[in-house]
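Sequence isn't available, so here's the structure alone:
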């Protein structure tokens, strides 16, 4: 019988564990310093308390032209976010709902802004999930 504690088996288990950790971290499921919202929950909160919520779209301008956007959202692509922090400082006392196409870039943006003291919420599944749930697009 083959030794189950061989070096190759141990390395395989470590690599699988690291890959799983990385996936869960990228999706914002672990070590997240922000909350996640389902699109319908975000929409309901927006309807109820719009003046205290800012919508931040971190997609590219090309994606906005192709897929539309959630009404009244501010576009700051993720690759421009670090240079645009000063533009967001006036919203430090508000909730910031962040979305992208599918939810990956918005997790990265949520991590960045949360670490700077912003009150952020990631919209799960991005604009894809928003549209799938029949919520308004401009």
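Cool, the structure landed. All values derive from a computational prediction rather than experimental measurement.

For residue 29, give me the pLDDT.
As predicted, residue 29 sits at a pLDDT of 65.

Which stretches in this protein count as strands?
35-37, 53-57, 73-75, 95-99, 119-123 (DSSP state E).

okay if I get those strands as TSV plus mean pLDDT?
Below are the strands of the chain laid out as TSV (pLDDT from 0 to 100):
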stretch	mean pLDDT
strand 35-37	92
strand 53-57	97
strand 73-75	96
strand 95-99	98
strand 119-123	96
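
hey, which of the ones you listed is tucked in deepest?
strand 95-99 (a mean of 26; mean count of other C-beta atoms under 10 Å). All C-beta spots, glycine's among them, are computed from the backbone N, C-alpha and C.

ok, back up a step: and the strands of the chain as CSV, adding distance to residue 83?
Formatted as CSV, the strands of the chain follow (distance: least, C-beta to C-beta, whole Å):
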stretch, distance to residue 83
strand 35-37, 26
strand 53-57, 14
strand 73-75, 14
strand 95-99, 17
strand 119-123, 18
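
Out of the ones you listed, which gets nearest to residue 45?
With C-beta to C-beta as the measure, strand 53-57 is the member of those nearest residue 45 (6.5 Å).

which strands and helices sit next to that closest one?
Counting contacts by 3 or more C-beta pairs under 8 Å, 6 or more residues apart in numbering; DSSP states H and E, strand 53-57 packs against helix 39-49, strand 73-75, strand 95-99.

and the last one, what does it pack onto?
This means strand 95-99. Taking 3+ C-beta pairs under 8 Å, 6+ apart as the contact cut, strand 95-99 packs with helix 39-49, strand 53-57, helix 104-115, strand 119-123, helix 126-132.
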